[in-house]
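Asks: What follows is a protein structure lacking sequence information:
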């Protein structure tokens, strides 16, 4: 790997070891189920006939350690060995797809919150999806849920009704049964019911902490209160589960608050748009799609303009850093010709295209430890 990323104080993704893409292969090993190409899991889990994987959106390991007093149950499970990493970018759509498929971003192709639709001058919003883009074509590989189901594991997703059959759900986590659950009581009851089966994998998701962080920031009283609610939910779930079931609590990414003096609006300077066809990604990780022949000039200009606020790489440089794992041909044009990964607590806003972003306080997407390091807690 090149040293471009390591020189920036970034945390590189632990693909093939302790990344989100390694969770389901490790669960399969814990269940005693052998699946082709999943023979050497990177996370050692205890044997059990039933696993419940509870993903808390936005619960970075560094945040949990810093605010342990607000989450006594979860922090009691946190050790230096009970962490892993998100992939790149450290954002929900990419992370949920890595978890659900057992593949790295360069393979599954959901490479950001927004990314270019190849052959066009428009972006796919991977959270809300576009009705004219088939998620089965965008992400055609068999998911981990499907592979486990085919191996005889009872697979259940416990999640909000609005996510049933969504583009991202189909792309990232299709397979198994679905239980509608909008509220905590519904989620816990649904997971407990599903975990009674053996062998089984139950996946449960809670996005409220991430929403709170985006709106109020991770330094807010609102975020701390939401963390306490999540902690109680996790403990309630563990207490209600059958004794034979094991609980894994993890996250898709962490979060940082963009400081008032570090919120750059790229549209304040037209130089950022010179030679640029599209700006995608999000405020902590920008995919920049360039006009023909403009990549070198755009990269040099963005490096000069952003200075210490971001690490700016070409697509080839980012791939050489291992940010996306092995990148297959269909995924290449979805990645920016140039990428800007924010350092420290900078935000790289693009108000003309993403006006709602400027209202966000908590952000994620880059490779700082606060965003990349996630808990992998076993209860």
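Replies: The structure has been received and is ready for your questions. Owing to the predicted nature of the structure, the values given are computational and were not obtained by experimental measurement.

Asks: got a list of contacts for the longest helix that the chain contains?
Replies: The residue-count maximum for a helix in the chain (DSSP state H) belongs to helix 221-240. Here helix 221-240 makes contact (C-beta atoms under 8 Å, 6 or more residues apart in numbering) with 52, 54, 56, 59, 63-64, 67, 70-74, 184, 187-189, 191-192, 204, 206, 208-209, 212-213, 215-217, 247, 249, 362, 379. C-beta here means a position set from N, CA and C on the backbone, and glycine is covered the same way.

Asks: now, which of the residues you listed lie within strands?
Replies: Using DSSP state E, the subset of those located in strands is 52, 54, 56, 204, 206, 247, 249, 362.

Asks: What ranges in the stretch 1-150 of the chain fall below the confidence cut-off?
Replies: 1-8 (pLDDT under 70).

Asks: and if we set it to 50?
Replies: 1-3, 5 (pLDDT under 50).

Asks: mind listing the helices for it?
Replies: Applying DSSP state H, counting those that start in this stretch to the stretch 1-150 of the chain gives helices spanning 23-31, 61-66, 72-76, 92-101, 105-108, 135-138, 144-150.

Asks: now do the stretch 151-300 of the chain
Replies: According to DSSP H, counting those that start in this stretch, the helices that the stretch 151-300 of the chain contains are 167-173, 184-195, 208-216, 221-240, 295-306.

Asks: ok, now how distant is residue 254 from residue 21?
Replies: 17 Å (C-beta to C-beta, to the nearest Å).

Asks: Just want to know which of these two has more residues nearby.
Replies: Higher neighbour count among residue 254 and residue 21: residue 21, with 31 against 26, using other C-beta atoms under 10 Å.

Asks: So the more buried one sits against residue 99, correct?
Replies: Yes - the criterion here is C-beta atoms under 8 Å, and residue 21 meets it with residue 99 at 7.3 Å.

Asks: ok so, going back, out of the helices of the stretch 1-150 of the chain, which is the most enclosed?
Replies: Across the helices of the stretch 1-150 of the chain, the average number of neighbours (mean count of other C-beta atoms under 10 Å) peaks for helix 92-101, which reaches a mean of 28.

Asks: Check which helices and strands that one sits against.
Replies: helix 23-31, strand 50-56, helix 105-108, helix 144-150, helix 167-173 (3 or more C-beta pairs under 8 Å, 6 or more residues apart in numbering; DSSP states H and E).

Asks: who touches the residue nearest to the spatial centre of the chain in this structure?
Replies: Central residue of the chain (C-alpha atoms, centre = their mean): residue 95, 2.6 Å from the mean position. By C-beta under 8 Å, 6+ apart, the contact list for residue 95 reads 20, 86, 87, 252, 253.

Asks: Can you lay out those as JSON lines showing distance to residue 373 and neighbour count?
Replies: Below are the contacts of residue 95 laid out as JSON lines (distance: C-beta to C-beta, whole Å; neighbours: other C-beta atoms under 10 Å):
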{"residue": "20", "distance to residue 373": "12", "neighbour count": "32"}
{"residue": "86", "distance to residue 373": "8", "neighbour count": "32"}
{"residue": "87", "distance to residue 373": "13", "neighbour count": "30"}
{"residue": "252", "distance to residue 373": "12", "neighbour count": "28"}
{"residue": "253", "distance to residue 373": "9", "neighbour count": "28"}
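
Asks: which among those residues gets closest to residue 338?
Replies: residue 87 (19.5 Å; C-beta to C-beta).

Asks: OK, contacts around the closest one?
Replies: Neighbouring residues of residue 87 by C-beta under 8 Å, 6+ apart: 13, 15, 19, 20, 21, 94, 95, 98, 104, 105, 324, 325.

Asks: same thing but 10 Å
Replies: 13-15, 19-21, 94-95, 97-99, 103-106, 108, 110-111, 252-253, 323-325, 372 (C-beta atoms under 10 Å, 6 or more residues apart in numbering).

Asks: what about residue 177, how many neighbours?
Replies: Counted with other C-beta under 10 Å, residues neighbouring residue 177 total 14.

Asks: Look up how far residue 141 lies from it.
Replies: From residue 177 over to residue 141 (counting by C-beta to C-beta), the distance is 21 Å.

Asks: now do residue 37
Replies: 12 Å.

Asks: Lovely, talk soon.
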